[in-house]
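A.B. asks: missing the sequence, but the structure's below:
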């Protein structure tokens, strides 16, 4: 259901009329994608969504949002290409090293009290964060009693994550991040040069379950001691953020930990009073009720 009817009558300036028409086209496109394919982008932040749509329009050599709608409805391959654009895949190994330092110092001691740990890495993208968490847990002696559930809306990026091959030219940056994150070994021990890239040790994903999951429409599928979802909700509007916060709240037991990105917060969510801050700077929260 379209929540807002766009008035595209000729009142106002020509520029305003064009903007209204484009807004209506985008609404119709997103509704069509939801009904045809089940992917719900209707509550994503409008500015970011618009930029990504126009990137795909130009790549498809089209000129309007409506033309893109016609193509994705009739060509599933075009929908796959659009999905890659709409999925937010900005990631790197040990991104924000101070987060991993805080994880070692404040979360690892809690995990040591559990006989078995389940971690949900929601919005895992191409897997750099998954491998980073696996390395950290391996070094802390916790990986053999941990299972990581790595999920993303996009099956194509999950395939990349399963493969564990990352660009060789990123290894210098990733090594620096790893050192700043408190790494305890030589980073180069974890990968070999192969397939025109860096192939990471397959043992790092021996306890990882990769699965497609849509934060917008899918329900909780387990109870987790830790949920890591960093730099994903910044692309959602307020109502969708509330929906995802509720999903995470229902997926955590009391004393479970929620880890968000630096620009994200639970401060204005309906569950804010149900958490205590473990680290305000690194956005680590523990559920207390």
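C.D. replies: Thanks, I have it. Predicted model, so just to flag it, every value in this text is computed and none were measured.
A.B. asks: How about residue 202, nearest residue that isn't a chain neighbour?
C.D. replies: Excluding its sequence neighbours, the residue lying closest to residue 202 (C-beta to C-beta, 6 or more residues apart in numbering) is residue 164, at 6.9 Å. Heads up, the C-betas are built off the backbone N, CA and C, glycines and all.
A.B. asks: my guess is that neighbour meets residue 205, correct?
C.D. replies: Yes: Residue 164 is within contact range of residue 205, at 6.5 Å (criterion: C-beta atoms under 8 Å).
A.B. asks: Now do the shared contacts for those two.
C.D. replies: The contact sets of residue 164 and residue 205 overlap at residue 131 (C-beta atoms under 8 Å, 6 or more residues apart in numbering).
A.B. asks: Now the residue nearest to residue 202. Its backbone dihedrals?
C.D. replies: phi 70, psi 30 (degrees, to the nearest 10).
A.B. asks: Now for the nearest residue to residue 25 once chain neighbours are set aside, how many residues are close by?
C.D. replies: Closest residue to residue 25 apart from its sequence neighbours, by C-beta to C-beta, 6+ apart: residue 65 at 3.7 Å. When neighbours are defined as other C-beta atoms under 10 Å, residue 65 has 22 of them.
A.B. asks: Which strand or helix spans residue 227?
C.D. replies: strand 226-229 (DSSP states H and E).
A.B. asks: what's that strand packed up against?
C.D. replies: Under the contact definition 3 or more C-beta pairs under 8 Å, 6 or more residues apart in numbering; DSSP states H and E, strand 226-229 sits against strand 117-122, helix 238-251, strand 257-260.
A.B. asks: Specify the stretch among those that is closest to residue 184.
C.D. replies: strand 117-122 (19.2 Å; C-beta to C-beta).
A.B. asks: Going by contacts, tell me the helices and strands next to that closest one.
C.D. replies: helix 128-139, strand 146-152, strand 226-229.
A.B. asks: Nearest to residue 53, out of these?
C.D. replies: Using C-beta to C-beta, the helices and strands packed on strand 117-122 put strand 146-152 closest to residue 53, at 19.9 Å.
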